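> Let's see this in three dimensions:
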Amino acid sequence: MSAEEIVGKMMEKDAFSQWLGIEVMAVKPGFAQLKMKVRSDMVNGFDIAHGGISFSLADSALAFASNGHGQISVSTQTAIQHLEPIHKGDSLIAVADEIKLSNKLGHYRVTVRNQDEKLVADFQGVVYRTPKSWT
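Below is the predicted model of the structure:
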């Protein structure tokens, strides 16, 4: 099963990524590029995007990149740095890149940039690679 097919199956059942309005731009084993637009129902009391929005976009990119290898993988550790405020109407692009892959663990970095290509969040994640396959 290809990475595109795996991510398609994941998205079918991923109501939260669907609610976010995530568009899968590119995916291959160890890599994912996602896009979404920030809506008015995603901002907090400071009129900027809730931190969970960029975190969730990056987390989805992590999931798609890591599962693209064909082995069911789940996150075990994640962290994010919010570098710039994100505003209603911003278009965000998350790019997940594999840093290191072993039999049991995968390490990833996800950058989130706005429509001006400004880095707004930096996310790191570790996944556990289960013995289960997508096929």
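> What residues of whichever strand or helix holds Tyr108 count as buried?
Here Tyr108, judged by DSSP states H and E, is contained in strand 105-113. Going by neighbour count (16 or more other Cβ atoms under 10 Å), the buried part of strand 105-113 is 106, 108, 110-113. Glycine gets a C-beta too; all of them are placed from N, C-alpha and C.
> Put together a markdown table for those residues, with distance to Ser60 and pLDDT on each row.
Formatted as a markdown table, the buried residues of strand 105-113 follow (distance: Cβ to Cβ, whole Å; pLDDT from 0 to 100):
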| residue | distance to Ser60 | pLDDT |
| --- | --- | --- |
| Gly106 | 15 | 98 |
| Tyr108 | 12 | 98 |
| Val110 | 9 | 98 |
| Thr111 | 14 | 98 |
| Val112 | 11 | 98 |
| Arg113 | 15 | 98 |
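> sorry, back to before: quick one: contacts of the strand holding Tyr108?
Contacting residues not belonging to strand 105-113 are listed as 30, 54, 57-58, 61-62, 65-66, 69, 73, 76, 92-101, 119-129 [Cβ atoms under 8 Å, 6 or more residues apart in numbering].
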